[in-house]
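> Here you go, sequence then predicted model.
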2 protein chains.
Amino acid sequence: MTVTAVATGATVWLTGLPSAGKTTLATALAGRLERPVEVLDGDEVRAFLSRGLGFSREDRDTNVLRIGWVAATLAKHGVVVLASVISPFADTRARVRELHEARGAGFVEVHVATPVEVCSERDVKGLYARQAAGELSGLTGVDAPYEAPEAPDAVVRTQDQTLAESVEQLLTVLRERGLA
Amino acid sequence: MTVTAVATGATVWLTGLPSAGKTTLATALAGRLERPVEVLDGDEVRAFLSRGLGFSREDRDTNVLRIGWVAATLAKHGVVVLASVISPFADTRARVRELHEARGAGFVEVHVATPVEVCSERDVKGLYARQAAGELSGLTGVDAPYEAPEAPDAVVRTQDQTLAESVEQLLTVLRERGLA
């Protein structure tokens, strides 16, 4: 569906467990970029693009690929997209990368690698507590799989550094790629 | 989810019956625009964004709003989006317009007003024939409603003019708005 495009955009794809700090990092990073940027939050986008989808493997994949498709389309037009999406499966993330490559858009995979023990303490949305109480199942990293990236472009250890330090870490990665 | 944006993009929303010539017009118009442009074709996008949705009123609305959301997000970043979507319901199109206004993006509603008699002769996808044969129901303009825009920004009568003339008509509309 491409007709004309500029070729300087990219998606920074933040993958990690619930409460790992993906959206916090995306929002803070967006505030440091002096160019058009779009933050796509997995939960927010799900409400619009994927209403009715559940959390089966197939539905999760569909949701991730939809966000990936939107991100790639924006990135193709020069936008830097910061996408915070649990995206637990490696091959689905690989397909998102392919969507970008097919459009000549950059793709930077960032593993927000906060350990599950830290995530479950933060528990921003109360998901870990609900899972522990038996009110919820299929929580990524607890009773649903999370396949950590094997060769991400960056690994952010939010448990070992401040938010500002994590932002600087990613800015360095983006600067190396001419994106910041 | 906005963080930073430029404010010069817009969506040209081409609404009309199946085989009215929406996608043909969008593609030809795209070839005349010397700026970043994205053609969103309702059928193509449906395959990616709305797999599993059917053709009930609710599912049609969901599909149209998803395309509208993607279009508005792109337009917010300065892209001219050419969206060819049957979008039969006036209030759904109004909601798409609102999505654009909320993002500071332009919205140009174009009624591709080819009459059903002409569309059913063209029948690019064989839908009218299948409906006539009883193999398909819910065909917009035949046995499903189409609410024509009451105050569109342009009405294109493809049955009365060449494709080149229709393109020129829309280029004039876009030039008046500083979009071409």
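Received the coordinates, thanks.
> going forward, measure contacts between C-alpha atoms and count neighbours the same way
Will do.
> Look at residue A:132 and say how many residues are nearby.
When neighbours are counted by other Cα atoms under 10 Å in any protein chain shown, residue A:132 registers 12.
> Please disregard the earlier target; I meant residue A:164.
Neighbour count of residue A:164, defined by other Cα under 10 Å: 11.
> elements contacting the strand or helix carrying it?
According to DSSP states H and E, residue A:164 maps onto helix A:163-176. Counting by 3 or more Cα pairs under 8 Å, 6 or more residues apart in numbering or on different chains; DSSP states H and E, the packing neighbours recorded for helix A:163-176 are helix A:22-30, strand A:154-156.
> Of all the ones you listed, which one comes closest to residue B:121?
helix A:22-30 (51.4 Å; Cα to Cα).
> Go through chain A and flag its longest helix.
Determined from DSSP state H, the single longest helix within chain A is helix A:57-76.
> and it, which residues are buried?
Within helix A:57-76, the residues that count as buried by 16 or more other Cα atoms under 10 Å in any protein chain shown are A:60-76.
> Then stretch A:9-28?
A:9-23, A:25-27.
> give me phi/psi at residue A:13?
Main-chain torsions, residue A:13, degrees, to the nearest 10: phi -100, psi 110.
> how close does the closest residue to residue A:53 other than its chain neighbours get to chain B?
Distance criterion Cα to Cα, 6 or more residues apart in numbering or on different chains; nearest residue to residue A:53, sequence neighbours excluded, is residue A:59 at 5.6 Å. Separation of residue A:59 from chain B (Cα to the nearest Cα, to the nearest Å): 11 Å.
> now residue A:72
Distance from residue A:72 to chain B, by Cα to the nearest Cα: 11 Å.
> cool, residue A:17 as well?
Residue A:17 sits at a distance of 21 Å from chain B (criterion: Cα to the nearest Cα).
> Where does that residue sit: helix, strand or coil?
When classified by DSSP: H, G, I helix; E, B strand; the rest coil, residue A:17 comes out as coil.
> I figured it was touching residue A:118, is that so?
No - under the criterion of Cα atoms under 8 Å, residue A:17 makes no contact with residue A:118, lying 10.2 Å away.
> Leaving aside the residues adjacent along the chain, what's closest to residue A:153?
Leaving aside its chain neighbours, residue A:153 sits nearest to residue A:109 (5.2 Å; criterion: Cα to Cα, 6+ apart).
> for the one you found, which residues make a bridge with it?
Counting by DSSP bridges, residue A:109 is bridged to residue A:13.
> Quick check: residue A:120 touching residue A:128?
Yes - applying Cα under 8 Å as the test, residue A:120 and residue A:128 come out as touching, 5.5 Å apart.
> And those two? Which one has more around it.
Taking neighbours as other Cα under 10 Å, residue A:120 and residue A:128 compare with residue A:128 leading, 25 against 21.
> Against chain B, how distant is that one?
25 Å.
> Can you tell me the element that residue falls in?
Taking DSSP H and E as the criterion, the element that holds residue A:128 is helix A:127-132.
> and that helix, average pLDDT?
In this model, helix A:127-132 has an average pLDDT of 96.
> now stretch A:164-180
Averaged over stretch A:164-180, pLDDT sits at 95.
> Centre of the chain to that stretch, how far?
In terms of Cα atoms, centre = their mean, to the nearest Å, the centre of stretch A:164-180 is set 16 Å apart from its chain centre.
> Restricting to C-alpha, output that stretch in PDB.
In PDB, the C-alpha atoms belonging to stretch A:164-180 read as follows (Å, rounded to 0.1, in the frame of the first residue of the first chain):
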ATOM      1  CA  ALA A 164      17.100   8.900  33.700                       C
ATOM      2  CA  GLU A 165      19.900   6.400  33.300                       C
ATOM      3  CA  SER A 166      17.700   4.000  31.300                       C
ATOM      4  CA  VAL A 167      16.600   6.900  29.100                       C
ATOM      5  CA  GLU A 168      20.200   7.900  28.500                       C
ATOM      6  CA  GLN A 169      21.100   4.300  27.600                       C
ATOM      7  CA  LEU A 170      18.400   4.300  24.900                       C
ATOM      8  CA  LEU A 171      19.300   7.700  23.700                       C
ATOM      9  CA  THR A 172      22.800   6.500  23.100                       C
ATOM     10  CA  VAL A 173      21.500   3.500  21.100                       C
ATOM     11  CA  LEU A 174      19.300   5.900  19.000                       C
ATOM     12  CA  ARG A 175      22.100   8.300  18.500                       C
ATOM     13  CA  GLU A 176      24.300   5.500  17.100                       C
ATOM     14  CA  ARG A 177      21.600   4.900  14.600                       C
ATOM     15  CA  GLY A 178      21.100   8.500  13.700                       C
ATOM     16  CA  LEU A 179      17.600   8.500  15.300                       C
ATOM     17  CA  ALA A 180      18.200  11.000  18.100                       C
END
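> buried residues in that stretch?
Within stretch A:164-180, the residues scored as buried using 16+ other Cα under 10 Å are A:166-167, A:170-171, A:173-174, A:179.
> Tell me the one of those residues nearest chain B?
Distance ranking of these against chain B, using Cα to the nearest Cα, places residue A:179 first at 14.9 Å.
> Could you look up the SS state of that closest one?
Residue A:179 - assigned by three-state DSSP - is coil.
> Leaving aside the residues adjacent along the chain, what's closest to residue A:145?
Of all residues not flanking residue A:145 in the chain, residue A:88 sits nearest, at 6.8 Å (Cα to Cα, 6+ apart).
> So for the one you found, what's the pLDDT?
So residue A:88 comes in at 96 (pLDDT).
> residues in contact with it?
Residues counted as contacts of residue A:88 (Cα atoms under 8 Å, 6 or more residues apart in numbering or on different chains) are A:15-17, A:140, A:145-148.
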